[in-house]
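Peer 1: have a look at this fold, sequence not included:
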Ligand SMILES: [Zn+2]
């Protein structure tokens, strides 16, 4: 039995890298600094170790050959999930390029709220160490932050010391929209976050009024979606008075139509505040199941985020038309490749299409896929790289055990190789 | 296997050869002496009448790292204008202003380039820079690690740590980030922006640390020199783009007191305040200072007209310039108590007075600096223009008639404010070879690159001589990388992976004590997880590391 310390996690998105993990053969136990997200993800046992074709155990080569045959005869393959490490994404995009597939990261429907705002007007954002050392006011919009990342507050707000704040416990936290489900946002001295609740779908109106108040525009209404305008005025004043305010939101939690406009209003409001003789920054939450990783690697390989098609022989990005739900429902794809090396519960969407699954060992299916290649998990079974939510820091994932499982890159490269050999 | 390149006209400034017809031999990837008479030549290329140079080296090009990827994601409309098809040999991608990684490698190689250096590697983002460069085929690559706005250094300066302690920290960071040089961007200014300062002059104090840009330049230039790092401190100075900044730049040159210093994209730092528009050329003064101070090297950062995107570590200046964004969208980031970045799309217009004069200022600088070993051909890709415009730029430098033709079409007031039309100089092929090959290799400290004498790696570009220099330089007949033909007639015919060039300056291991404490208290990552391992570069057989020698002091 061995224990490895300073283990980085690819699961929580906030780049915790202080976990201690005890290794006993193939079983793992998080012995320090676990959380509700990371501990089960690390401790998930291995089940399948061999690939299957139509439910029958085969070698990796045979599975790859069958997958290649399906891709070869397909008119429009679709590669979904895209939840893996940097090398896994590199292999995935090479396969997509060769097979003319459409590629989509499973969190794209949420990420689109951010991309559309970014690609229309941009933003001013910050990263976690800046939050840890500078943030004196955190505004959390429409998101239950401690469910998203249980250790966010402990690591980045209630840290004992910071370089530029005398007393971190004096930071202010304001929730707008959703109320927190627990007490993680309560300061070490017992100061509770201010909470101004409204329904998620009312956020567009509430945020629009908040931005107007920041800019000093007159508002005649007394309340917006149940929140007093005077309360919104106090938030606006707090943002302008803060030395380094931070506005955070989870794109996935903004699950109403055209939420990109709300992200845009928030981002433009942050820009406005930076023209009022103080600093303020945005902090979009993400980094789950390789979403930032998928978008980064797809970004440098194609120029576009991970909802991109290769069917014409070159990458084409369309945040609407390349939607897996649309394509699978409309019969626009005829083979599905599903890649998820992180989460056994993230199985392919129900479909009658022949399906190739490159998935974390432990995944179970209501309907046996045409091909299943169980793979190791980056950061457990092999080394790798994953991007944190702030999209700047790539963490170096460690190999913790010798499971013999192939990596996502191994599996997808084997399929690409078989496709290459089959096509000449 | 021996390859013979017969009868080409060789321009090899590193070997002192200026347009002499001679044969070259390649074995095991390197240039070798002529074999014994009768030795078997496996492959011969008849290069009679052709121009032969070593592979070109771009010593300052933004090809790897987070801000470049933000620029890509920001501009889907730019990529749509220039889609790049896959072939049996090459991957698909996108081109124009900020090409995808694979396309970056192909297009550089197709212009005869065999190496490119990313000048702004944030320590905390160095993994990304190397991963992106790891996906650039054919080219060798490397990076200059960015220091000067990191809180650790500023704390050291406030605490009056001695030069030795700073040297240890710089060396440690270079090794941790796998760098070959050190860059400073708006010294201390990126940090000051986080404290809401909006400008920072050379002698202006950071409001929190009380440290000035001049002090930062001094300790970093000293550290680089004392550590024996060949590439001098790479400086993106204060006040980028600000009219009147020529004085800041002259003061920066004077103030460094003879230490080696490289001033990058100096065009953006050579502006006066004369004339009706209070914007004028400071190129003559800058060139004069460069000519006089042999410790100074520069690259130009030429602007060329059209759409591009500016991606810089200088969050302070990028934020100040965001009102010029075209299309109107932009990003800035504060990053990890380490640095920052700003991405602002930009369209340089020939009928805009300022842009037209920027164009002329860059060319004046090229033509007024005497020593081609101390000036380098860059557009600060993609900031002044995409790297694919280099052949056009070379024609502007080599062809006075063409240059003056273009000049005569620009904003008339800008024409009045430049001496360009009166400058007769035309660059020679040998001078181009110095700026883009031998000089660059020497400046970066690349052993066995940038030259054609035996012992050098066989990175070779062969051109057909053509009075139209743009046509000549945009389509080489052959490009060899490490002795393998990768380009024929301006098209990639074979791909491979280049190496990553680094240096490993020494440091006292005790430097990690203070760093570990700092990481644990203030940063978001463990010290051990911050350092980039060799395996991260060389895994998958895609890359390799080449460690270059230090310069004894
Ligand atoms: Zn630059």
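Peer 2: Thanks, I have it. As the structure is a computational prediction, the values presented were derived from the model and not from experiment.

Peer 1: please make it C-alpha for all contacts and neighbour counts, starting now.
Peer 2: Noted.

Peer 1: and the strands in the stretch 51-200 of chain A?
Peer 2: A:52-53, A:56-57, A:77-83, A:102-104, A:122-125, A:137-141, A:172-177, A:194-197 (DSSP state E, counting those that start in this stretch).

Peer 1: chain B is nearest to which of those strands?
Peer 2: strand A:122-125 (4.7 Å; C-alpha to the nearest C-alpha).

Peer 1: just the residues contacting the closest one, thanks.
Peer 2: Residues outside strand A:122-125 that contact it (C-alpha atoms under 8 Å, 6 or more residues apart in numbering or on different chains): A:267-268, A:270-271, A:281-284, B:74, B:329-334.

Peer 1: before we move on, back to that, looking at the strands of the stretch 51-200 of chain A, which is nearest to residue B:228?
Peer 2: strand A:122-125 (37.2 Å; C-alpha to C-alpha).

Peer 1: in a markdown table, list the strands of the stretch 51-200 of chain A along with mean pLDDT.
Peer 2: Formatted as a markdown table, these follow (pLDDT from 0 to 100):
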| stretch | mean pLDDT |
| --- | --- |
| strand A:52-53 | 98 |
| strand A:56-57 | 98 |
| strand A:77-83 | 98 |
| strand A:102-104 | 98 |
| strand A:122-125 | 98 |
| strand A:137-141 | 98 |
| strand A:172-177 | 98 |
| strand A:194-197 | 98 |
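
Peer 1: list the contacts for residue A:360?
Peer 2: For residue A:360, counting by C-alpha under 8 Å, 6+ apart, the contacting residues are A:340-344, A:374-377.

Peer 1: go again using 10 Å as the cut-off
Peer 2: A:44, A:46-49, A:84, A:339-347, A:373-378, A:405, A:407-408 (C-alpha atoms under 10 Å, 6 or more residues apart in numbering or on different chains).

Peer 1: which residues of the stretch 301-424 of chain A score low on pLDDT?
Peer 2: Low-confidence regions of the stretch 301-424 of chain A, defined by pLDDT under 70, span residues A:423-424.

Peer 1: all strands for it, in order.
Peer 2: Using DSSP E, counting those that start in this stretch, strands in the stretch 301-424 of chain A cover A:307-309, A:316-317, A:335-340, A:355-360, A:371-375, A:384-387, A:394-397.

Peer 1: adjacent strands (with direction) for the fourth one?
Peer 2: Meaning strand A:355-360. Counting by DSSP bridges, the strands paired with strand A:355-360 are strand A:335-340 (parallel), strand A:371-375 (parallel).

Peer 1: name the stretch among those strands that sits most buried.
Peer 2: Mean neighbour count (mean count of other C-alpha atoms under 10 Å in any protein chain shown) peaks for strand A:371-375 among the strands paired with strand A:355-360, with a mean of 30.

Peer 1: from the stretch 151-300 of chain A, which residue is nearest to chain B?
Peer 2: For the stretch 151-300 of chain A, C-alpha to the nearest C-alpha, closest residue to chain B: residue A:300, 5.2 Å.

Peer 1: distance of that residue relative to residue A:254?
Peer 2: 27 Å (C-alpha to C-alpha, to the nearest Å).

Peer 1: residue B:305 too?
Peer 2: 41 Å.

Peer 1: what does residue A:383 give?
Peer 2: Distance from residue A:383 to residue A:254, by C-alpha to C-alpha: 33 Å.

Peer 1: neighbour count: these two, which is higher?
Peer 2: residue A:254 (23 against 17; other C-alpha atoms under 10 Å in any protein chain shown).

Peer 1: for the stretch 51-200 of chain A, what lies in contact range of chain B?
Peer 2: A:86-87, A:90, A:93-94, A:97-98, A:115-134, A:155-156, A:159-164 (C-alpha under 10 Å from any C-alpha of the partner chain).

Peer 1: if you set the cut-off to 8 Å instead, what comes out?
Peer 2: For the stretch 51-200 of chain A, the contact set with chain B under C-alpha under 8 Å from any C-alpha of the partner chain comprises A:94, A:97, A:118-130, A:132-133, A:155, A:161-163.

Peer 1: just the ones of the residues you listed in helices?
Peer 2: A:94, A:97, A:118-121, A:128-130, A:132-133, A:155 (DSSP state H).

Peer 1: any idea of the pLDDT on residue B:38?
Peer 2: As predicted, residue B:38 sits at a pLDDT of 89.

Peer 1: does residue A:388 touch residue A:13 like I think?
Peer 2: Yes: judged on C-alpha atoms under 8 Å, residue A:388 makes contact with residue A:13 at a distance of 5.1 Å.

Peer 1: need the residues touching each of those two.
Peer 2: With C-alpha under 8 Å, 6+ apart as the test, residue A:388 and residue A:13 both reach A:286-287.

Peer 1: contacts only, for whichever residue of the stretch 351-500 of chain B sits closest to chain A.
Peer 2: In the stretch 351-500 of chain B, the residue found nearest to chain A is residue B:382; the distance is 14.3 Å by C-alpha to the nearest C-alpha. The contact partners of residue B:382, taken as C-alpha under 8 Å, 6+ apart, are B:61-62, B:97-98, B:308-311.
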